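In: I need the structure of the sequence given here:
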Amino acid sequence: MSAVATSEQQFYHLIGKAEQLVKIQSQKAEQIANEAIQLAIDTGNVLWQAEACYQLASFYSKVASQFKKSNEICENALGILTLAPNILLQTRLLRMMGMNEHYLGIWENAQHHYQSAIQLLELQPSHSSAMEEELGFLYYYISVLDRGSESLEYPMECLHKSVKIFEKIQNKEGLARCYNMLGNHLNESHKHQEALGYLLNAHLYFDELGEQFSASVVQNNAGYTYCELGEFDKGFELLYQSLETKKKFGNQNSIANSYIHLGMANKLKGNFQQAIKYFHTAEEMLKDLNSKSDLNTVYQYLSEVYAGAGDFKNAYEYHILYDKTKDEMFNFDKAAAIMDAKSRFELEKKKKEAELLRQKNIEIESYAHQLEVSNNELKQFAHVASHDLKEPLRMISNYIGLLEKRLDNKMDNDTQTYMGFVNEGAKRMFSLINSLLEFSKLNTEVNPVSIDLNKIIVELQKHFKGELKDVAFSSDKLPYLMADEIHIYRLFENLISNAIKFNLSASKIINITYAETATSHEFKVIDNGIGIAREYYEKVFIIFQRLNARDQFPGTGIGLAMCKKIVDNLRGKIWVEGNEFGGSTFCVSLPK
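Out: Predicted structure coming up:
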């Protein structure tokens, strides 16, 4: 055997050993990774050197919880790869940097690293099984990063992509991680029994793989889920077992996470003093690790448990800390970030459109991949932006709640009125942001299927059962359409809702008619409400345009703008007319 072959065998033996030692949280992994680096330097192999640096960075991130040092090593390795490019290793290093930035609370950078890695992989004409695996982990970690979003839609989309990839390549470790995260998402949606099923499956997979540390992480989550289900004895037993296992491995970040869950479980049981003790233990550990993301969570829980214990002074102070760390993690300009994503999307679009004129089918497929990546970026930025838009409103509501508890019965009538105005304003802004998010989704989320419009109308009659009680409601027999079912439901929901709302008649009338032409479907929603002046026939479809006082007719002024957007997407037309009843007739024409 040649010296080169011997060196190669020795190098990959060290790499494999370092990787296994990281999985079992062994401090020896550092020594083995450094030996691999030295061997790479001695043989002059720069690619080996970058690969060994990745293993060393993995140790500092996953075992030593030294995230900044891990990132420094990753950056050095990426510099080395400029001399010997390797797409797979480059994406692994970017993913590691994303994980580190996430732990450090620099979410913008984490997001950038993950998306950069996905772009590198998505633009490859074909994928090896190792690349498929890496793509699965990247989508998984994006779902972890966006777990705190107001909407779980995008993180769940990424998580399901990850599950699909891991099922395809039969990767049990990846599936176990995904099942654990699905359990966490379901817990947040209060579907605790379903969550427990996923968590127990994840634990089973990690046990089969002999990954005791990862199994203890899942055990921690399962323990808290049992507490949510009211099985506190079983829950606390698993939580304590998980903590003891983690202590054997010594991963400080994971141990701190166990203390957080013990605090959450005691909070759930009403043991506020015990919960405070556990949260403070986690706080001190996370300060040493400079883990802003988890610290932010601890500050939020400490504010809540102090309030529950009647200590409003500490509750207020920890809420201030919660807001401060949240601001530090989201201190970048969201509007600029979104515009940057849009600009990059448009540049890529123009570039690819030019290439389409001279490229074959394989290049067209690459273009489709790039569009998907860019759309994912826009979705992610939209979720982050919506989260920050709502954060000040949540802060206002929390402060008002603390003030009301503190002042108790000491408020005069004027103060109570002012408090009511503030709460009402915050609720209205929440509603407005939610409507804006719904509006923004209309461009991207289209799933055309064959729809029976008669069933849509029946569902809407059930939805508006109370409001339609004293309304003369009728509908012609309606056709089937090829369209997005949710969008069509929203279209008729808004039109019927307006017909009910803007109607002061003693005997309300709503009539839906249908006529068919050679080229189109023609619908009308007729009411005997307050009507619309002719000069406002076009203005009513503009977003945020309100023709009536909010205290008389509540709403955000976005419903008819959504209707127009839906109809425009179907290449149709929508307009309003007067009618013989003095009300409004909304006309919709959709091409066949």
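
In: Tell me the predicted confidence for residue 290.
Out: On the pLDDT scale, residue 290 is placed at 82.

In: list the contacts for it?
Out: Taking C-beta atoms under 8 Å, 6 or more residues apart in numbering as the criterion, residue 290 is in contact with 67-68, 104. The C-beta positions use only the backbone N, C-alpha and C, and glycine is treated the same way.

In: Also residue 83?
Out: residue 46.

In: count of neighbours near the residue nearest to residue 515 when sequence neighbours are not counted?
Out: Leaving aside its sequence neighbours, residue 515 sits nearest to residue 522 (C-beta to C-beta, 6 or more residues apart in numbering; 4.5 Å). Look at residue 522: counted by other C-beta atoms under 10 Å, it has 15 neighbours.

In: Likewise for the one 3 residues further on?
Out: Taking other C-beta under 10 Å as the neighbour definition, residue 525 ends up with a count of 22.

In: On the three-state scheme, it is what?
Out: strand (DSSP: H, G, I helix; E, B strand; the rest coil).

In: Correct me if wrong: it contacts residue 493.
Out: No. Residue 525 lies out of contact with residue 493 (C-beta atoms under 8 Å); the separation is 11.0 Å.

In: In ChimeraX, select just the buried ones from the contacts of residue 290.
Out: To isolate the buried ones among the contacts of residue 290 in ChimeraX, judged by 16 or more other C-beta atoms under 10 Å, type:
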select :67,104
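
In: As JSON lines, the contacts of residue 290 with secondary structure and distance to residue 303 would be great.
Out: JSON lines is the format used below for the contacts of residue 290 (DSSP: H, G, I helix; E, B strand; the rest coil; distance: C-beta to C-beta, whole Å):
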{"residue": "67", "secondary structure": "helix", "distance to residue 303": "26"}
{"residue": "68", "secondary structure": "helix", "distance to residue 303": "28"}
{"residue": "104", "secondary structure": "coil", "distance to residue 303": "22"}
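
In: Domains of the protein: list them as residue ranges, please.
Out: By the assignment in automatic domain parsing, the chain contains the domains 334-441, 448-591.

In: Any idea which helix or strand in the protein has the lowest mean pLDDT?
Out: Taking mean pLDDT, DSSP states H and E as the measure, the chain has helix 334-356 as its least confident helix or strand, at a mean of 47.

In: how about low-confidence regions in the protein?
Out: 1-5, 146-152, 327-390, 393, 408, 426, 428, 430-446, 544-556 (pLDDT under 70).

In: need the contact list for the nearest residue to residue 497 once chain neighbours are set aside.
Out: Spatial nearest neighbour of residue 497, chain neighbours left out: residue 559 (6.9 Å); criterion: C-beta to C-beta, 6+ apart. Contact analysis of residue 559 by C-beta under 8 Å, 6+ apart lists 494, 497-498.

In: Please narrow the residues you listed to those residing in strands.
Out: Among these, no member falls in strands (criterion: DSSP state E).

In: Could you check stretch 41-60 and say which residues are buried?
Out: Under 16+ other C-beta under 10 Å, the buried positions of stretch 41-60 are 43, 45-46, 48-60.

In: of these, closest to residue 135?
Out: Distance to residue 135 across those (C-beta to C-beta) is lowest for residue 54, with 17.1 Å.

In: Mind giving me the packing neighbours of the strand or helix carrying the closest one?
Out: Using DSSP states H and E, residue 54 maps to helix 46-62. If contacts are counted by 3 or more C-beta pairs under 8 Å, 6 or more residues apart in numbering; DSSP states H and E, helix 46-62 sits against helix 3-23, helix 28-43, helix 67-81, helix 87-103.

In: what comes up buried for the helix or strand following the last one?
Out: Looking back up the chat, that one is helix 87-103. Note on helix 87-103: by DSSP H and E, the next helix or strand toward the C-terminus is helix 107-122. Neighbour counts over helix 107-122 (16+ other C-beta under 10 Å) mark 107-122 as buried.

In: Make sure residue 518 is indeed in a helix.
Out: No. Assessed with three-state DSSP, residue 518 is coil; it does not lie in a helix.

In: burial count for it?
Out: Neighbour tally, residue 518, other C-beta under 10 Å: 5.

In: Skipping its backbone neighbours, what lies nearest residue 285 in space?
Out: Residue 285 sits nearest to residue 256 (C-beta to C-beta, 6+ apart), 4.1 Å away.

In: Kindly format the C-alpha coordinates of the host helix or strand of the one you found as PDB.
Out: Element membership for residue 256, per DSSP H and E: helix 252-269. Only the C-alpha atoms of helix 252-269 are listed here, as PDB (Å, rounded to 0.1, in the frame of the first residue of the first chain):
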ATOM      1  CA  GLN A 252     -24.300  23.100  29.000                       C
ATOM      2  CA  ASN A 253     -26.800  24.500  26.500                       C
ATOM      3  CA  SER A 254     -28.800  21.300  26.500                       C
ATOM      4  CA  ILE A 255     -28.700  21.100  30.300                       C
ATOM      5  CA  ALA A 256     -30.000  24.700  30.500                       C
ATOM      6  CA  ASN A 257     -32.800  23.700  28.200                       C
ATOM      7  CA  SER A 258     -33.800  20.900  30.600                       C
ATOM      8  CA  TYR A 259     -34.000  23.500  33.400                       C
ATOM      9  CA  ILE A 260     -36.200  25.700  31.200                       C
ATOM     10  CA  HIS A 261     -38.600  22.700  30.700                       C
ATOM     11  CA  LEU A 262     -38.600  22.000  34.400                       C
ATOM     12  CA  GLY A 263     -39.500  25.600  35.000                       C
ATOM     13  CA  MET A 264     -42.300  25.400  32.400                       C
ATOM     14  CA  ALA A 265     -43.700  22.200  34.000                       C
ATOM     15  CA  ASN A 266     -43.700  23.800  37.400                       C
ATOM     16  CA  LYS A 267     -45.400  26.900  36.000                       C
ATOM     17  CA  LEU A 268     -48.000  24.700  34.400                       C
ATOM     18  CA  LYS A 269     -48.600  23.000  37.800                       C
END
